[in-house]
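Asker: Sequence and predicted structure are below.
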Amino acid sequence: MLRSARELGQFRVKTADGVFCGRIKDVYFDDSIWKVTHLVLSIEPSACGRKEVLVAPAEVAEVCDETGEIRLTVSAEDLEQLPLASSVSPVCRQYEAFAYSSPGARKYATGVESNPHLRSAKAVIQYQINAGREFAGTVADFLYESGDWQIRYLGIEQKFERKTMRLYVLPQTVERITWATQRVVLRELNPVAVDLPADRESVDSRAAA
């Protein structure tokens, strides 16, 4: 089943023992294999004090549309054992650290995992799309397969006067993602048909209205 990475933030997160613990604030993915690697969970103050931790896709038991919940395999007690979100650094934060803060640059050189292919979905959404050196819209979403968390499609929004059109392309059409220019460059703009669940179709129709 295809799911929207962007919409994961609308769900409340519940631990294995039934405690609501926060919401997903970002989704990290590897753009060399186009797969979700981490979910950034912001823990609510009432649970353990506000902080952000990393949840592995394997630690998600279920995303339930009916209840609006993401259920984890992790107990409330074990939340404290999850790695801090600051223990890894997506590309956007790597460049920000080097560009704006030499102390930050030193921090990334001493212990924080800095993968050149690790991307923040929150950061990349709203990047411009370029195809054949022409502006082709903006990144609107990433659709992933719920079973293996593989990203199957990039959602692109194109605006024409007062109308917005949503289309989808395969991640294999991406030539590069550049933080400096906030762009995703495609080898070609080749939209594909996507078989969306009924609830996703309704979301897209509202977005395109």
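Answerer: Done, it's in.
Asker: pull the helix or strand with minimum mean pLDDT from the protein.
Answerer: Every helix and strand of the chain was ranked by mean pLDDT, DSSP states H and E. The lowest is helix 198-208, at a mean of 45.
Asker: any idea how the chain splits into domains?
Answerer: 2-85, 121-208 (automatic domain parsing).
Asker: Measure how far the shortest one is from the centre of its chain, please.
Answerer: In this view, domain 2-85 has its centroid 12 Å away from the chain centroid, taken as CA atoms, centre = their mean, to the nearest Å.
Asker: Check stretch 118-136 too.
Answerer: Computed by CA atoms, centre = their mean, the chain-centroid distance of stretch 118-136 equals 13 Å.
Asker: what about it, how long is it end to end?
Answerer: 24 Å (CA to CA, to the nearest Å).
Asker: related to what we said a few turns ago, okay, the domains of the chain in JSON lines with mean neighbour count next?
Answerer: (Each C-beta comes from the backbone N, C-alpha and C, glycine too.) As requested, these are exported to JSON lines (neighbours: other CB atoms under 10 Å):
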{"stretch": "domain 2-85", "mean neighbour count": "17"}
{"stretch": "domain 121-208", "mean neighbour count": "16"}
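Asker: among those, which is nearest R93?
Answerer: Among those, the nearest to R93 by CB to CB is domain 121-208 (8.4 Å).
Asker: What separation is there between A56 and H38?
Answerer: According to CB to CB, to the nearest Å, A56 and H38 sit 7 Å apart.
Asker: give me the low-pLDDT residue ranges for this structure?
Answerer: The model of the chain has pLDDT under 70 over residues 45-50, 95-111, 113, 197-209.
Asker: quick one: the helices in it?
Answerer: In the chain, the segments counted as helices under DSSP state H are 45-48, 91-100, 102-109, 121-124, 198-208.
Asker: what's the residue nearest to A123 when sequence neighbours are not counted in contact with, if anything?
Answerer: The shortest distance from A123 to any non-neighbouring residue, by CB to CB, 6 or more residues apart in numbering, is to C92 (4.2 Å). Residues in contact with C92, defined by CB atoms under 8 Å, 6 or more residues apart in numbering, are R119, S120, A123, W179.
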